[in-house]
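Student: Sharing a model that was predicted from the sequence below.
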Amino acid sequence: MLVAMTEQQQLFHLTSKYPLDELQKLKKQQSFFCPQCKEQLLLKAGQIKIPHFAHQKNSECDSLFSEGESAAHLLGKQQLFHHFSNLQLRTVLEPYLPQLQQRPDLLLTFKNRQYAVEFQCSPIAKPSFQQRTSGYLHANITPIWILHTPDKFKGTGILKVSINHTNTQFIQQYKKQKFLITYDVKSKTFYYISNLIHLHKLQYFAVVKKLPLSQQRFPLLVPEKISKSQFHLLLKNYRKYREYYIHPRLLLSKKGVNDQFFRSIYELRLTMTDLPIFLGIPVCNTHAFNQFCIEWQVGFFHFMDYHALTPKTMNERAIPYFFKWSKLELTDERKAAVEHYLAILRHLNIEQLGENITEEQLFNVLYDELVAFGC
Ligand SMILES: [Zn+2]
């Protein structure tokens, strides 16, 4: 914690303006208390972490979710606090909100609206994330979750990243653009992870961009849409991934005819090494399937073929039957993914698997569908 109550019932902020020796002196003269539970706090002014307050070891304070705070969390809070204060925003550090029994890292006021900034340095379980988010929303406060940049995100350009289930909670959406805002305290830099294209399980291709803290604004900047040339590169990487996926997939198919993918390829009389380019394409919500999209997209063609349907004659309302038929669990997100795939096939005028479409046609439709309109 960076804020405590003094004996005189004044809030004391541990901003970066206090030199260490002054704090050592203060520690001997003053007592500090938790604004929430009123217990006495320890002022820790050592060499490793920045000066901060901590509860006694066996405290049962509600605010303890932030105890054992990492050095990065303390420092990040302080850096963000100073930066937003310098932008002339009303910025309050660690305000205790009694009606919510929550204590966001920062509370900002901008154009009469309140924003709670949470700088998340440790994993947060889904129930407490949802509880805190809905708490803020009920109080008319917009939560902004900023993730501490994991090492694997520190790069620029198109990267293959793995985003675990905890971190997918922090994916934000603005004007149909989905992205993740992360902040690295060491380099005082934001890393934006955007244009996420799901690959397999937790893996995605993403565009990673850096933004120094000094250039950050409020409301927080949102990433620009990617250019056609960058999207070209992204799709090229995707196609490569698709190839790498297909070959070992077939060679290692141990389930033989019981392997749904293998069976569909066979029934559709396709050649593994020469699959149509519209099988295995990125569409919205593919992350809802754990598997690489080519698996269910081939399955979808198999379903249509089996029922003598084509993308043109296939009815959206029949999509749930596809799930039943292929023994896949049906969820809203998955259904939306199949609907989107069907819409793309129709834009491409695909009537049958033998259809010849060019890379350029596919590129244009995917750019419109995934970037221009967004997911
Ligand atoms: Zn407390």
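Tutor: The structure has been received and is ready for your questions.
Student: near the ion, which residues of the stretch 251-375 of the chain show up?
Tutor: Residues of the stretch 251-375 of the chain lying close to the ion by CB under 5 Å from the ion: none are found. Heads up, the C-betas are built off the backbone N, CA and C, glycines and all.
Student: which residue does the stretch 251-375 of the chain bring closest to the ion?
Tutor: Among the residues of the stretch 251-375 of the chain, residue 287 lies closest to the ion, at 38.8 Å counting by CB to the ion.
Student: That residue: what's it in contact with?
Tutor: 168, 196, 198, 204, 333 (CB atoms under 8 Å, 6 or more residues apart in numbering).
Student: for residue 75, same thing?
Tutor: 49-50, 185.
Student: Highest neighbour count among these?
Tutor: The residue in the contacts of residue 75 with the most neighbours, by other CB atoms under 10 Å, is residue 185 (22 neighbours).
Student: Can you give me the distance of it to the ion?
Tutor: Distance, residue 185 to the ion, by CB to the ion, to the nearest Å: 24 Å.
Student: Pretty sure that residue sits against residue 148.
Tutor: Yes: using CB atoms under 8 Å, residue 185 is in contact with residue 148, at 7.2 Å.
Student: Can you check which residues contact both of the two?
Tutor: Shared contacts of residue 185 and residue 148 (CB under 8 Å, 6+ apart): 72, 76.
Student: Describe which strands the helix or strand bottoming out on mean pLDDT in the chain pairs with in its sheet and in which direction.
Tutor: For the chain, the helix or strand with the lowest mean confidence is strand 172-174, at a mean of 85 (criterion: mean pLDDT, DSSP states H and E). Applying DSSP bridges to the sheet, strand 172-174 is found paired with strand 177-184 (antiparallel).
Student: on contacts alone, who are the packing partners of the following helix or strand past the strand it pairs with?
Tutor: Per DSSP states H and E, strand 177-184 leads on to strand 189-200 as the next helix or strand towards the C-terminus. Under the contact criterion of 3 or more CB pairs under 8 Å, 6 or more residues apart in numbering; DSSP states H and E, strand 189-200 touches strand 177-184, strand 203-212, helix 228-251.
Student: Which neighbouring elements make contact with the longest one?
Tutor: If you count contacts as 3+ CB pairs under 8 Å, 6+ apart, helix 228-251 packs onto strand 157-162, strand 189-200, strand 203-212, helix 260-267, helix 293-306, helix 359-366.
Student: tilt between that helix and strand 157-162?
Tutor: Helix 228-251 runs at 40 degrees relative to strand 157-162, counting by axes from the mean of the first three to the mean of the last three CA atoms, to 10 degrees.
Student: Now do helix 228-251 and helix 293-306, the angle between them.
Tutor: Following the same axes, to 10 degrees, one obtains 70 degrees for the angle between helix 228-251 and helix 293-306.
Student: part of a helix, is the residue of the stretch 251-375 of the chain closest to the ion?
Tutor: Yes: counting by DSSP: H, G, I helix; E, B strand; the rest coil, residue 287 is found in a helix.
Student: Let me know the pLDDT of residue 48.
Tutor: With respect to pLDDT, residue 48 has a value of 84.
Student: Now the phi/psi pair for the nearest residue to residue 143 once chain neighbours are set aside, please.
Tutor: Excluding the flanking residues, the one nearest residue 143 by CB to CB, 6 or more residues apart in numbering is residue 136, at 4.3 Å. Note on residue 136: backbone dihedrals following degrees, to the nearest 10 are phi -60, psi -50.
Student: who's in contact with residue 136?
Tutor: Listed by CB under 8 Å, 6+ apart, the contact set of residue 136 reads 100, 102, 104, 116, 142-143.
Student: Select only the buried ones of those residues in PyMOL?
Tutor: Under the burial definition 16 or more other CB atoms under 10 Å, those of the contacts of residue 136 that qualify are selected in PyMOL by:
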select buried, resi 100+102+104+116+143
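Student: tally of neighbours for the closest residue to residue 99 other than its chain neighbours?
Tutor: Counting by CB to CB, 6+ apart, the nearest residue to residue 99 once its immediate chain neighbours are dropped is residue 139, at 6.5 Å. Residue neighbour count, defined by other CB under 10 Å, stands at 13 for residue 139.
Student: for the one 10 residues further on, same thing?
Tutor: For residue 149, the tally of surrounding residues (other CB under 10 Å) stands at 24.
Student: Let me know whether it touches residue 191 as I believe.
Tutor: Yes: with contact defined as CB under 8 Å, residue 149 reaches residue 191; the gap is 4.8 Å.
Student: list the residues that contact both of these two?
Tutor: Counting by CB under 8 Å, 6+ apart, the common neighbours of residue 149 and residue 191 are 182-184.
Student: Now flag whichever of those is closest to the ion.
Tutor: Closest to the ion out of those is residue 183 (25.9 Å), distances taken as CB to the ion.
Student: Quick check: bridge partners of that closest one?
Tutor: Note on residue 183: beta-bridge partners by DSSP bridges are residue 148, residue 190.
Student: hang on, the earlier thing: what are the contacting residues of the least confident helix or strand of the chain?
Tutor: With contact meaning CB under 8 Å, 6+ apart, strand 172-174 is reached by 145, 178-181, 222.
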